[in-house]
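Chemist: Fold the following and give me the result.
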Amino acid sequence: MDYEIVRSEAATEDDMRAIVVPLIAHNEQSAPPLNSENLALLIRDAEGKTIGGLWGRFGYDWLFVDYLAVPMELRGTGIGTKLLQQAEQLAIERHCVGLWLDTFSFQARPFYERLGYQVFGELEDYPRGHSRYFLQKRFR
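Modeler: Residues are numbered from 1 along each chain as shown. The predicted structure follows:
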């Protein structure tokens, strides 16, 4: 079989699918389907404009939080805690094992640890001089 490795800065959706489809097929031979579903908990202002919130996705009996953003003027009011607690409750109702997320050393690691999250991984120098932390909170 002849092949070549080609670097592309203009890869298409079809190129991505050519990589992902066989990977998913391989994974499904060993694990159940991912059955990914998004979760959005939105903070809206008085005009109904979304100004922050939590974005995550369910998969493999876990909830992963992609983003948690609280506007500067609302930090320290408890709204971040309420967002996470609501996400945790939804994950528990779906019988999830737990919730996981990541944060940087210059972001909110102490906040998550106060809420019972534990570090299970660290990527040093990402970005240089900082670390990226991976945290989890198991429900069972």
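
Chemist: going forward, measure contacts between C-alpha atoms and count neighbours the same way
Modeler: OK.

Chemist: Report the buried residues of whichever helix in the chain runs longest.
Modeler: Using DSSP state H, we find that the single longest helix of the chain is helix 13-30. Buried residues in helix 13-30, defined by neighbour count with 16 or more other C-alpha atoms under 10 Å: none.

Chemist: Please identify the pairing partners of the very next helix or strand once past that helix and their relative orientation?
Modeler: Per DSSP states H and E, helix 13-30 leads on to strand 37-44 as the next helix or strand towards the C-terminus. Sheet pairing of strand 37-44 (DSSP bridges) gives strand 50-59 (antiparallel).

Chemist: what's the helix or strand following the partner strand packed up against?
Modeler: On the C-terminal side of strand 50-59, the nearest following helix or strand under DSSP H and E is strand 62-69. If contacts are counted by 3 or more C-alpha pairs under 8 Å, 6 or more residues apart in numbering; DSSP states H and E, strand 62-69 sits against strand 50-59, helix 79-93, strand 98-104.

Chemist: how big is the angle separating strand 62-69 from strand 98-104?
Modeler: Counting by axes from the mean of the first three to the mean of the last three C-alpha atoms, to 10 degrees, strand 62-69 lies at 40 degrees to strand 98-104.

Chemist: which one of the helices and strands packed on strand 62-69 is the most hemmed in?
Modeler: strand 98-104 (a mean of 19; mean count of other C-alpha atoms under 10 Å).

Chemist: Now do the buried residues in the very next helix or strand once past it.
Modeler: Next in sequence after strand 98-104, counting helices and strands by DSSP H and E, comes helix 109-114. Using 16+ other C-alpha under 10 Å as the test for burial, helix 109-114 gives 109, 112.
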